[in-house]
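Chemist: everything below, folded, please.
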Amino acid sequence: MDIRSAAEINGRENYEKITIKELTARADLDRKTFYRNFRSKEEVLYLQLQELCDLYIQMLQDLPQLSAYSVTEAYFSLCRQYAHFFMLLKRNNLLFLVLQKFDEYLPAINDLFLSNPVYRGKSKQELIYQAGGFWNITIHWINDGMEESPEEMAEVISSIMPSPFK
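Modeler: Residues are numbered from 1 along each chain as shown. Prediction:
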């Protein structure tokens, strides 16, 4: 399913009121095709989150250099780009799904850092700990209406991340 199409429907309504019929019509899918690929509309959310995680990892791999600023700016830019989707999750008390998916992708994200000589000295636990702080900041940013720009968020976070992330 197209993440933007589904998110447009999701952004208009309460999640519980969104029907499979609406999702399939918007994505130009037959209901049978939908049910061959998904068991529920929740799986559409998981697919959207998976696509966002994959996109973020690709963004990180494309960065010329991993730094606290560049990683943070890429992350918050992606969140801002899909703000309607994150706001849907917030309105429907589903932001925890992002953390669940993020936890699934944490090993792949950690591998990007741990394979980089600059970050090799960091333990897996340190990266998990920092990811928790990152997530908490994200929740507050979303709850506050995403007021700060990705660049402002990158400035703040890179100023507080311990070495060698600076």
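
Chemist: per-residue pLDDT, residue 117?
Modeler: Residue 117 is assigned a pLDDT of 65 by the prediction.

Chemist: now tell me what touches the top helix by length along the chain from outside.
Modeler: If you go by DSSP state H, the chain has its longest helix at helix 41-62. Applying Cβ atoms under 8 Å, 6 or more residues apart in numbering, the external contacts of helix 41-62 come out as 1, 3, 6-7, 18, 20, 23, 38, 66, 71, 74-75, 78, 82, 85, 89, 94, 97-98, 101-102, 104-105, 108-109, 112. For the C-beta atoms, the positions are set from N, CA and C on the backbone; glycine is no exception.

Chemist: how far off centre is stretch 129-148?
Modeler: 11 Å (Cα atoms, centre = their mean, to the nearest Å).

Chemist: convert the C-alpha atoms of it to PDB, please.
Modeler: What follows is stretch 129-148, C-alpha atoms only, in PDB (Å, rounded to 0.1, in the frame of the first residue of the first chain):
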ATOM      1  CA  TYR A 129      20.300   4.000  26.200                       C
ATOM      2  CA  GLN A 130      20.800   6.900  23.900                       C
ATOM      3  CA  ALA A 131      18.000   5.600  21.600                       C
ATOM      4  CA  GLY A 132      15.700   5.700  24.600                       C
ATOM      5  CA  GLY A 133      16.500   9.400  25.300                       C
ATOM      6  CA  PHE A 134      16.100  10.100  21.600                       C
ATOM      7  CA  TRP A 135      12.600   8.500  21.700                       C
ATOM      8  CA  ASN A 136      11.600  10.500  24.700                       C
ATOM      9  CA  ILE A 137      12.600  13.700  23.000                       C
ATOM     10  CA  THR A 138      10.700  12.600  19.900                       C
ATOM     11  CA  ILE A 139       7.500  12.000  21.900                       C
ATOM     12  CA  HIS A 140       7.700  15.500  23.500                       C
ATOM     13  CA  TRP A 141       8.400  17.100  20.100                       C
ATOM     14  CA  ILE A 142       5.400  15.400  18.600                       C
ATOM     15  CA  ASN A 143       3.200  16.200  21.600                       C
ATOM     16  CA  ASP A 144       4.300  19.900  21.400                       C
ATOM     17  CA  GLY A 145       3.200  20.000  17.800                       C
ATOM     18  CA  MET A 146       6.600  19.600  16.100                       C
ATOM     19  CA  GLU A 147       7.300  23.300  16.500                       C
ATOM     20  CA  GLU A 148      11.100  23.100  16.300                       C
END
